[in-house]
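Colleague: sharing a sequence plus its predicted fold:
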Amino acid sequence: HGSPLKSANGFRNILPMTRSERRSQRDKVALEKDRLMKRTGLAARMHRENAPRTSDGLVVPEASAAGFCSDADRFHTDVAGEEFLKRRARYEREQTAY
């Protein structure tokens, strides 16, 4: 919510929250995530350092990660073409041997 402002007579005036800010405070998931990020201690610091940036980070590794596999490799479909090339190469080797 808003930060306190100093008035001329010394009172701290707090800006009212917008509707979206008030609505976000009722969101239990966002509230829990906010509380997790504000915790102190070693476990909280480890969580902040290792937490994924987005929810995709839980299931989609980054390109630099060891378990990353590009979509082109994952959805490889031309197995028959590769087998044909292997058979043709073997045939060519056999023909050059004779």
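Modeller: Nice, I can see it. Numbering: from 1, shown residues only.

Colleague: contacts only, for the most centrally placed residue in the chain.
Modeller: Closest residue to the average C-alpha location of the chain: Gly57 at 2.7 Å, with CA atoms, centre = their mean. Applying CB atoms under 8 Å, 6 or more residues apart in numbering to Gly57 gives the contacts Ala51. Backbone N, C-alpha and C define where each C-beta goes, glycine included.

Colleague: doesn't it belong to a strand?
Modeller: No - per DSSP: H, G, I helix; E, B strand; the rest coil, Gly57 lies outside any strand segment and is helix.

Colleague: list the contacts of stretch 76-94.
Modeller: So stretch 76-94 is contacted by nothing (CB under 8 Å, 6+ apart).

Colleague: run the chain-centre distance for that stretch.
Modeller: What separates the centre of stretch 76-94 from the centre of its chain is 39 Å, taken as CA atoms, centre = their mean, to the nearest Å.

Colleague: so how far is the longest helix that the chain contains off the chain centroid?
Modeller: If you go by DSSP state H, the chain has its longest helix at helix 79-97. Distance of helix 79-97 from its chain centroid, counting by CA atoms, centre = their mean, is 43 Å.

Colleague: just the buried residues of that helix, please?
Modeller: In terms of neighbour count (16 or more other CB atoms under 10 Å), helix 79-97 has no buried residues at all.

Colleague: now it: mean pLDDT?
Modeller: Averaging pLDDT along helix 79-97 gives 93.

Colleague: next: stretch 30-38.
Modeller: Stretch 30-38 comes out at a mean pLDDT of 83.

Colleague: going forward, count from 55.
Modeller: In the new numbering, first residue 55, that becomes stretch 84-92.

Colleague: hmm, who's touching it?
Modeller: 78-79, 98, 101-102.

Colleague: now for Tyr112, how many residues are close by?
Modeller: One correction, residue 112 is Leu, not Tyr. Using other CB atoms under 10 Å, Leu112 is surrounded by 9 other residues.

Colleague: still on that earlier bit, dump the contacts of stretch 84-92 to JSON lines, plus neighbour count and secondary structure.
Modeller: Shown next, in JSON lines, are the contacts of stretch 84-92 (neighbours: other CB atoms under 10 Å; DSSP: H, G, I helix; E, B strand; the rest coil):
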{"residue": "Ser78", "neighbour count": "13", "secondary structure": "helix"}
{"residue": "Gln79", "neighbour count": "13", "secondary structure": "helix"}
{"residue": "Ala98", "neighbour count": "14", "secondary structure": "helix"}
{"residue": "His101", "neighbour count": "13", "secondary structure": "helix"}
{"residue": "Arg102", "neighbour count": "12", "secondary structure": "helix"}
